[in-house]
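Student: coordinates only, no sequence provided:
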């Protein structure tokens, strides 16, 4: 890291500290995200740096949201908003960085993101203070098939890494993992948050991201004291969603046609395959030797999340080996 970059980072940090001390504001930063707010509250500027954009916001006592385009030599690269009602978050906006300035005079601490949503359904997605710690809250109502907002992010799994394979102790203990880095962005940096073991819920929302394509699946009617309470027993808890819903999590996914076991702690009859959350299938009309899955936390196939199907055992869409970045949210 060069001296100029270090000085830039230090100056930006100083600006945020001054803003916090003098105005009572703190900032949350979300890479590859962009706030979408009513146009009446929007002011657009062309600036030379993120620091200048931050200054524009700090000079306006009503500024609550900021978008900065990180691409060089772009006009209208700084957007500031002075109205919170009606703002939402657009995820996956590459080259943009979103910053939220939250007033601290009367901070609220919620039990879950659903409680925060019930308190104010127009609250934007972002990092919220919950009783169990700081968590990402997904507030938008348009979260694919997961329905209205108020979802608490409990787990992010990078399918290309092995930290959350089925045998990992993280599935069976209350330890957190990489939470500080995990709070920097909703979509990157796998992490396990306190919500995994401390928040009760009735529904689960699963997300899978391959490249920039993010897809969601809602699993209703679970009603558990925590995610940990499901996995620590090791006992299978089956669901009955349509097969096509599981396949819709990843474009052009592939599965075998038979067996069709799905849910939590799902195994085949020979215990040769286990997935913590997902769907397993077999080419034969039994569940003894499954060779395909779509889900999170398998014990085979060299990925910790995604879709695998062996081309040698008749999957419906050919062989697949597609790791994904995956998300487990609860409500």
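Tutor: Happy to help now that I have it. This structure is a prediction, so every number in the text was calculated from the model and none was measured. Numbering: from 1, shown residues only.
Student: helices of the protein, residue ranges please.
Tutor: Secondary structure of the chain (DSSP state H): helices at 3-23, 50-58, 113-119, 179-182, 195-198, 227-231, 243-247.
Student: quick one: residue 306 from residue 278, how far?
Tutor: Shown here: residue 306 relative to residue 278, a distance of 10 Å by CB to CB, to the nearest Å. For glycine as for every other residue, the C-beta is placed from the backbone atoms N, C-alpha and C.
Student: quick one on the thing from earlier: would you single out the least confident of the helices of the chain?
Tutor: Note on those: helix 3-23 shows the lowest mean pLDDT, a mean of 45.
Student: contact partners for the residue lying closest to residue 301 once chain neighbours are set aside?
Tutor: Nearest residue to residue 301, sequence neighbours excluded (CB to CB, 6 or more residues apart in numbering): residue 308, at 4.0 Å. Contact analysis of residue 308 by CB atoms under 8 Å, 6 or more residues apart in numbering lists 292, 293, 294, 298, 300, 301, 320, 321, 322.
Student: run through the bridge partners of residue 308.
Tutor: residue 293, residue 321 (DSSP bridges).
Student: measure it to residue 44 for me?
Tutor: For residue 308 relative to residue 44 (CB to CB), the value is 46 Å.
Student: what of residue 303?
Tutor: The gap separating residue 303 from residue 44 is 42 Å, by CB to CB.
Student: okay, these two: which has more neighbours?
Tutor: Neighbours around residue 303 and residue 44, counted as other CB atoms under 10 Å, are more numerous at residue 303. The numbers are 22 against 12.
Student: roughly how far does the residue nearest to the more buried one when sequence neighbours are not counted sit from residue 255?
Tutor: Counting by CB to CB, 6+ apart, residue 323 is the residue found nearest to residue 303 once chain neighbours are left out, at 4.2 Å. Residue 323 sits 16 Å away from residue 255, going by CB to CB.
Student: okay, those two: which has more neighbours?
Tutor: Taking neighbours as other CB under 10 Å, residue 323 and residue 255 compare with residue 255 leading, 26 against 21.
Student: which ones are touching that one?
Tutor: Contacts for residue 255 (CB under 8 Å, 6+ apart) come out as 243, 246-247, 279, 281, 292-294, 307, 309, 315-317.
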